[in-house]
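Visitor: the following block contains a protein sequence and its predicted model.
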Amino acid sequence: MPILHTVNKSPFEKSTFKSCLDHARPGDAVLLIEDGVYAATKGTAAAGLIAARNGDLALYALGADLAARGISEKSVIEGISVVDYGGFVDLVAEHDVSQAWL
Amino acid sequence: MTTQEELPGASGTKRFLYVNRRAPYGTIYALESLEVVLIGAAFDQDVSLAFFDDGVYQIVKGQDTKGIGMKNFSPTYRALGDYEVTKLYVEKEALEERGLSPDDLMDITYEDEDDDWAEKPSIRIVSRSEMTEIMAAQDVILSF
């Protein structure tokens, strides 16, 4: 049964995002929110974490949090889908369990 | 012990460094730092700001917070020059680790009163080792 994981911490300041990926099973969804969206940007020291799981996880980032931080959608790593708050709700509804990595 | 030399505006002003290491919006640190800088600017000291780790995200251009219902305080950094806060040191390595370059940062400038009010950049890109030297040269470091 796939789980929805949400991550709200910067991958550079905390190990939360790495721990999430280390505990996520293939087929799970990972939604990046708040400072978690920094993990979605291309060309960073954390991009390798995404590359290693891109394809076996469903990856999402919240558009409003990207925009607030000046991250344009074209600088988001390919394979990560940008969703709005409605999409966030849909993801919660589609998964039986949500795990918030705080 | 308070001596004449330690009073603001007396014979020696002190070197103050505000260290910014947190991203904006996710926590309140960045906004709090900016507010303290603006308050502190009233005391006529030698003020510098340092941006490294996730702090470099504070001055990235193109921030638009309408969607998250928070105040976009990034334009305030561009007003710092009017408060005679004109030295913003940004660490090169911190930018690179985050896939950023100096072009991704806001144009933050000041008018140099000693040079016919010429407009000059406030942002100075420095290496990590230069940042350690900048910190070592301060009288007071306030960390956010």
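Guide: Alright, I've got the coordinates. Numbering: from 1, shown residues only, chains lettered A, B, ... in the order given.
Visitor: tell me which helix or strand comes right after the lengthiest helix in chain B.
Guide: The longest helix of chain B (DSSP state H) is helix B:29-40. As assigned by DSSP states H and E, the chain's next helix or strand after helix B:29-40 is strand B:46-51.
Visitor: so who does the spatially most central residue of chain B touch?
Guide: Nearest to the geometric centre of chain B sits B:L49, at 3.0 Å (CA atoms, centre = their mean). B:L49 makes contact with B:17-18, B:20, B:37, B:80, B:85, B:87-89, according to CB atoms under 8 Å, 6 or more residues apart in numbering or on different chains. Yep, even glycine has a C-beta here, placed from its N, CA and C like the rest.
Visitor: just put those residues in a markdown table and tack on pLDDT and distance to chain A.
Guide: Below are the contacts of B:L49 laid out as a markdown table (pLDDT from 0 to 100; distance: CB to the nearest CB, whole Å):
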| residue | pLDDT | distance to chain A |
| --- | --- | --- |
| B:L17 | 97 | 20 |
| B:Y18 | 98 | 18 |
| B:N20 | 98 | 13 |
| B:V37 | 97 | 20 |
| B:L80 | 97 | 18 |
| B:V85 | 97 | 21 |
| B:K87 | 98 | 23 |
| B:L88 | 98 | 17 |
| B:Y89 | 98 | 19 |
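Visitor: can you pick the most crowded of those residues?
Guide: B:N20 (27 neighbours; other CB atoms under 10 Å in any protein chain shown).
Visitor: identify the bridge partners of that residue.
Guide: B:F51 (DSSP bridges).
Visitor: OK, contacts around it?
Guide: Residues counted as contacts of B:N20 (CB under 8 Å, 6+ apart) are B:29-30, B:33, B:49-52, B:55, B:58, B:144.
Visitor: between those residues, which sits nearest B:S74?
Guide: B:Q58 (7.2 Å; CB to CB).
Visitor: specify the beta-bridge partners of the residue nearest to the spatial centre of chain A.
Guide: Among the residues of chain A, the one closest to the centroid is A:L32, at 3.0 Å (CA atoms, centre = their mean). With DSSP bridges as the criterion, A:L32 is bridged to A:V7, A:A61.
Visitor: can you tell me which of the contacts of B:L49 end up in helices?
Guide: Short answer: the contacts of B:L49 in helices (DSSP H) are B:V37.
Visitor: tell me how far the residue nearest to the centre of chain B lies from A:E73.
Guide: To A:E73, B:L49 is 30 Å away according to CB to CB, to the nearest Å.
Visitor: where does chain B dip in pLDDT?
Guide: B:1-11 (pLDDT under 70).
Visitor: wait, A:K9 touches A:S19, no?
Guide: No: look at A:K9 against A:S19 with CB atoms under 8 Å: they stay out of range, at 9.9 Å.
Visitor: more neighbours: which of those two?
Guide: More crowded of A:K9 and A:S19, by other CB under 10 Å: A:K9, with 24 against 13.
Visitor: what's near enough to touch that one?
Guide: Taking CB under 8 Å, 6+ apart, one finds A:16-17, A:34-36, A:101-102, B:26 in contact with A:K9.
Visitor: export the residues you listed to TSV and tack on secondary structure and distance to B:A42?
Guide: Listed next are the contacts of A:K9 as TSV, based on DSSP: H, G, I helix; E, B strand; the rest coil; distance: CB to CB, whole Å:
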residue	secondary structure	distance to B:A42
A:T16	helix	39
A:F17	helix	40
A:E34	helix	33
A:D35	helix	31
A:G36	helix	37
A:W101	strand	42
A:L102	coil	38
B:G26	coil	29
